[in-house]
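*Asks:* how does the following fold in three dimensions:
(chains A, B and C)
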Amino acid sequence: MPQASEPRRDLRLKGLHKRYPNGYTAVKSLDLEIPQGSFFALLGPSGCGKTTTLRMVAGLEDVTSGTIHIGDQDITREKPYRRPVNTVFQNYALFPHLTIAENVEFGPKRRGVKDSAARVKAILELTELTEQAGKRPAQLSGGQQQRVALARALINRPEVLLLDEPLGALDLKLRRAMQLELKHIQEEVGLTFVHVTHDQEEAMTMADTVAVMNQGVIEQMGSPYELYTNPRTTFVANFLGRSNLIKGTVVGREGSGADAAVKVDMFGTLVSIQADRVHTDSKEGWIGIRPEKLLIQPAGSQSDDPGNHFSDAVVISSSYIGVSTEYVLKMPWGQELICFEQNRGVRGGLVQVGAHVDVSWRQEYVYLLDSSQDAEAGLEGA
Amino acid sequence: MTTMQRVFGKNAAYWLIGPAALWLGLFFLVPMLSLLTTSLSDPAGSPIYGYDLTWRVQNYVEALGDYWPYLVRSLIYAGIATALCLVLGYVLAYAIAFKAGRWKTVMLVLVIAPFFTSFLVRTLSWKLILADNGWVVNTLQWLHVMSPDGRLLATPFAVVAGLTYNFLPFMILPLYASLEKIEPHLIEAAQDLYASPWKGFLNVTWKLSIPGVVGGTLLTFIPASGDYINAAFLGNPNTQMVGNKIQALFTTGGDYPHAAALSVILMVLIVAMVMVYVRRAGTEELL
Amino acid sequence: MITRVGNWIGRHLMITMGILVLIYMYIPNFVVALMSFNDASESRNLYQFQSFTWNNWLNPCEPNGMCESLRVSVSVALVATIVATILGTLASFALVRHRFEGRSTMNLFIFLPMATPEIVMGSSLLALFVAGGLGGKLGFWTILVAHILFCLSFVVVTVRSRLAGLDSNLEKAAMDLYANEWQAFWRVTFPLVFPGVLAAALLAFSLSFDDFIITNLNSGQTVTFPMFVWGAAQRGVPMQVNVVGTAMFLISLAVVVGGEMSSRRRAKMLAAR
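*Replies:* Below you'll find the predicted structure:
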């Protein structure tokens, strides 16, 4: 969404390609536009090319072909130290022989910034590291080291801040706290953040826009809500949260414009899927539904839920996780589906294993994916 | 891309390694060829005017025929010294790795520190320690462990003891390096799983330290088998090793072709033994 | 009860035996230090302590030729250390930081001299020098060539392990933080590798200073300190040799301990320059 009034400093990658001398292609002609001031996450399993992409933007990896622009400035072949870009490295890469203050001051000193001491003071305060200023990195905890890495990059006021799995080395609790803190700092300083992670929850918590990357290409890009509710590929459907994927056959279309829908036959039940949630042209397809969108009721009870109904499902396992319960249901056609039920206590207790239940879903939550894709794609990375 | 690549260009690696590789090639590989050609030259030359390469394989036959006892003695002495080093070295390396606590670094420095006194001076001091009227001999005689006219100096015992002493640090350092990598939890788990501490040690600690054992024994055996200082200072004419013979032939004897042949034989023997040894240690590791 | 006693022995046996081995390693150093105070002027038996004197320490250069041999040894060791440390450090960077054709071969090749008996390496060099017509010109330069050769492998092994333990991202982080290639090298990489280079140089110096077997074959008429000791051993070793041995031990120990204590500070100073 380019605005006419002032030149925006968006980060634009065009046809970015990375092929290593050994023949391995890590990134395949990637096109990406990251608006100035946004929090952008590159999400994918290890080896998907997300870190390589980040390092190309930082200038730490040569670009095979394609271009990198910030606004109108071409930085594709620029040396790392001439780019308005800074990186928070995966293992922080703090200089072990320098104190925290010296680490933070490293960038301003190289650039000959006059008031570097004042800046160091300010940034150490922002990241709550003032008391650690004289210590060495080895004397700090993981969370503190992470904040030093952040301070060391932020002090340079880069146009784009690159974060390479910045929270990967922290334990779960600290990670949650740092997620919020990072988001807070980003809002405060208003820089463009590009965050690389394999943790879908982290990406969804922090980023305005998430790009899901797999085998060197971006599978889908959008807001966390869009990606979760309307995934376009089986990889996204499985990697971002979980999905039930059921085989179906397209039998026709109905309606037009915003009301357009595709009718799909699924083991005898007709499912109507909104046209903007259909991501295949072929006759066959994977009908996808998120586990929490499946509703269950004791067999034979009157249901007023609109949508598709299936009877004769059997609960074959249940695991209670406090806030919700996770059931595995055996459907009449033999497939096992996962179902999350909120434990709101309105329907009186848990459903027992072996119980027969009726299952229903609302058709507006269903999506249709291409049947040529692997229904298991993205599962191992989740 | 590293700093070096940006400074030296695409071929940075070759510029960096070039000088060292050249030096090694010129003064290690080429001399080996030189040694080989000298060993096949006519002994009727002189060190000053050089030797004629006549492909005289006879040199090898003669060298083996005349000097095989020295070779055998070298390998036996070096082998015994290596075994003794392994026992002593393992004890110390184990103590440093697992029992020394905060004294670890101090003890490691202490292992290396004796090196700083000249090798020859230290070896000479054993002459004094083992002397006929020295306190070691006197004590042993007083205890009736030794006969009144028995001696330690100028015996095979003294030579092997000297070799053991001199090459002990070469054994300790690789042993320590591999022992130090073993997680203490593993040893606890071994004590938990095996009935006796000894079995636990054999099955876990010893097995995991095999790389250090192999490295240490090689670093001890190879220099020990070529050494002649211990034999010269602490032995007698009947305890001379192959090193004594080679250096004598080169320096006072002036018989380069036979000396070179003997050198090549020693090198070939060592390479062969090392290869067999490493392969066996490798398979043992898999068992 | 029995197992408790067994455990106690098990706990303290190893450290006790370890300390005994360590003491064994120090017997010669102790004897050398003792003999450096031995007054041997009245006696024919040079292998027994006679009476105490400061004379050996006060007149270390009394024995004919000993201090000249020391001077030769120190000069050879200094030059060999400098050359071997520079060549070896450069080679280590290539082996650790670069992927190039023949890298694994080079890794093995560098190790070979360490796995060759000194007598073989010495005699092969002699064979080369003689074949090259230098048979009558053996001396300082041929010793130097040989010493650089065997020091090189030890330098590479030492520096390589230090470099391998270094996160290569540090250099990239420096460049990301506006340091150019030279700044990144001198402010980050070099200060962090420096302790390894220093250790390698110390090792090279002591190896060169102490070498006898290779030197003896390639020295011609030049006499190094170990060769002086060797020659003197045939006639009777002057007690000043023990002074040199003890002094070397003390100086080296001071360098190692001092170096260990100030290496961090020095690294920091280099970086902050």
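*Asks:* pull the number of nearby residues for residue 217.
*Replies:* Picking chain A for this. 15 (other C-beta atoms under 10 Å in any protein chain shown). Every C-beta, even on glycine, is put in place using the N, C-alpha and C of the backbone.
*Asks:* actually it's chain C I care about, not the one you picked
*Replies:* By the measure other C-beta under 10 Å, the count of residues near C:L217 is 27.
*Asks:* tell me how far it lies from chain A.
*Replies:* According to C-beta to the nearest C-beta, to the nearest Å, C:L217 and chain A sit 44 Å apart.
*Asks:* and the residue lying closest to that residue once chain neighbours are set aside, what are its phi and psi?
*Replies:* Counting by C-beta to C-beta, 6 or more residues apart in numbering or on different chains, C:L217 lies nearest to C:G122, which is 4.0 Å off, once chain neighbours are set aside. Per-residue torsions, C:G122: phi -60, psi -40 (degrees, to the nearest 10).
*Asks:* likewise for A:D164?
*Replies:* Backbone phi and psi, for A:D164 under degrees, to the nearest 10, turn out to be phi -100, psi 100.
*Asks:* once you drop chain neighbours, what's closest to it?
*Replies:* A:Q90 (4.6 Å).
*Asks:* would you list the phi and psi of that neighbour?
*Replies:* The phi and psi values for A:Q90, taken as degrees, to the nearest 10, are phi -60, psi -50.
*Asks:* might you report the residue contacts of it?
*Replies:* A:51, A:164-166, A:168-169, C:169 (C-beta atoms under 8 Å, 6 or more residues apart in numbering or on different chains).
*Asks:* same question, A:V104
*Replies:* Residues near A:V104 by C-beta under 8 Å, 6+ apart: A:120, A:123-124, A:148, A:151-152, A:155.
*Asks:* the helix or strand encompassing it - what's its average pLDDT?
*Replies:* Here A:V104 is covered by helix A:100-110, with elements defined by DSSP states H and E. For helix A:100-110, mean pLDDT rounds to 91.
*Asks:* list the contacts of the closest residue to chain A within the stretch 151-287 of chain B.
*Replies:* Using C-beta to the nearest C-beta, the single residue of the stretch 151-287 of chain B nearest to chain A is B:E180, 19.2 Å away. Residues in contact with B:E180 (C-beta under 8 Å, 6+ apart) are B:A97.
*Asks:* what about stretch A:165-172, start to end distance?
*Replies:* End-to-end distance of stretch A:165-172: 14 Å, with C-alpha to C-alpha, to the nearest Å as the criterion.
*Asks:* name the residues of stretch C:166-181 that come out as buried.
*Replies:* For stretch C:166-181, the buried set under the neighbour-count rule, 16 or more other C-beta atoms under 10 Å in any protein chain shown, comprises C:166-167, C:169-181.
*Asks:* now swap in stretch C:76-90 and tell me
*Replies:* For stretch C:76-90, using 16+ other C-beta under 10 Å, the buried residues are C:76-77, C:79-81, C:83-85, C:87-90.
*Asks:* which among those residues are in contact with chain B?
*Replies:* Taking C-beta under 8 Å from any C-beta of the partner chain as the test, chain B is in contact with C:87-88, C:90 out of the buried residues of stretch C:76-90.
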